[in-house]
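J.: Sequence unavailable; structure follows:
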């Protein structure tokens, strides 16, 4: 089994010794770590499908230009806006693709541990959402679904050409805060429309919140996961 250069936090529902029948790989946002979404996972009730393994990786530590070059956990760098605010901000393509390899290795690891690809869900918030869409659409194994929370579609111009046929129909749960001033709702909506144009079934939700997660969102996600992993 491949060794990964990532700090991993894991847990399986169903009690000690329960054999997992599905896996959720959960990717945190900028500056957080693998502990960030443990409370959200504890709010989910997936008992109807059996034991579920949660995998919470922590991103590598790297300098982030937007935050003054300070080093923090980040899946990729975020550049400063250009001189023309109407133009999209340059993306850290090298960093995105490097972390895509790390996330794909997590998927491969779950398959090696006996979880079929069709019972693996990739989920992420903010930067983790970007990594979820980047990796999940290009993964060579057919995943159960993608959960994209408060984020956007990175490297959007190359998505159609690079999307793997195995995930040409992967369903996507998307959620965003209407008052999000970190990743503005328009970016999430643009991702939604791009995915629908490619033929993906996208379940979209927005909520009266900022760049965060709310209980109503967790409840909607819970129902979607139960359907996807039934």
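T.: Looks like it came in fine. This is a predicted model, so every value here is computed, not measured.
J.: mind checking the longest helix of the protein?
T.: Counting residues, the longest helix found in the chain (DSSP state H) is helix 93-112.
J.: what about residue 72, distance to residue 26?
T.: Separation of residue 72 from residue 26 (Cβ to Cβ, to the nearest Å) stands at 18 Å. In this view, the C-beta of every residue, glycine as well, is placed from N, C-alpha and C.
J.: Show me which of the two is the more surrounded one.
T.: The neighbour count for residue 72 versus residue 26, taken as other Cβ atoms under 10 Å, is higher for residue 26 (24 against 14).
J.: element containing that one?
T.: strand 22-27 (DSSP states H and E).
J.: and that strand with helix 93-112, angle?
T.: Computed with axes from the mean of the first three to the mean of the last three Cα atoms, to 10 degrees, the direction of strand 22-27 lies at 160 degrees from that of helix 93-112.
J.: quick revisit: helices or strands next to the longest helix of the chain in the packing?
T.: Secondary-structure packing of helix 93-112 (3 or more Cβ pairs under 8 Å, 6 or more residues apart in numbering; DSSP states H and E): strand 22-27, strand 52-58, strand 120-125, helix 127-138.
J.: which residues sit against the second one?
T.: Strand 52-58 has contacts (Cβ atoms under 8 Å, 6 or more residues apart in numbering) with 4, 6-14, 20-28, 33-38, 41, 46, 73, 102-103, 106, 110, 115, 229.
J.: Past it, which element shows up next along the chain?
T.: Beyond strand 52-58 in the direction of the C-terminus, DSSP H and E gives the next helix or strand as strand 61-64.
J.: Name the residues of the following helix or strand past that next one that are buried.
T.: Later in the chain than strand 61-64, the nearest helix or strand by DSSP H and E is strand 70-73. By 16 or more other Cβ atoms under 10 Å, the buried positions in strand 70-73 come out as residue 73.
J.: ok, strand 70-73: who's next to it in the sheet?
T.: strand 61-64 (antiparallel) (DSSP bridges).
J.: For the partner strand, list every residue counted as buried.
T.: In strand 61-64, counting by 16+ other Cβ under 10 Å, buried: 62, 64.
J.: swap in stretch 24-39?
T.: Under the neighbour-count criterion of 16+ other Cβ under 10 Å, stretch 24-39 has 24, 25, 26, 27, 28, 29, 30, 32, 33, 34, 36, 37 buried.
J.: cool, and stretch 39-53?
T.: Across stretch 39-53, burial judged by 16+ other Cβ under 10 Å covers 40, 41, 44, 46, 49, 51, 52, 53.
J.: List the contacts of the lowest-mean-pLDDT helix or strand in the chain.
T.: Least confident helix or strand of the chain, by mean pLDDT, DSSP states H and E, is strand 7-12 with a mean of 88. Residues from elsewhere that reach strand 7-12 (Cβ under 8 Å, 6+ apart): 18, 20, 33-35, 38, 41, 51-58.
J.: what's the farthest-apart pair in the buried residues of stretch 24-39?
T.: Spatially, the most separated pair among the buried residues of stretch 24-39 is 24 and 30, at 20.5 Å (Cβ to Cβ).
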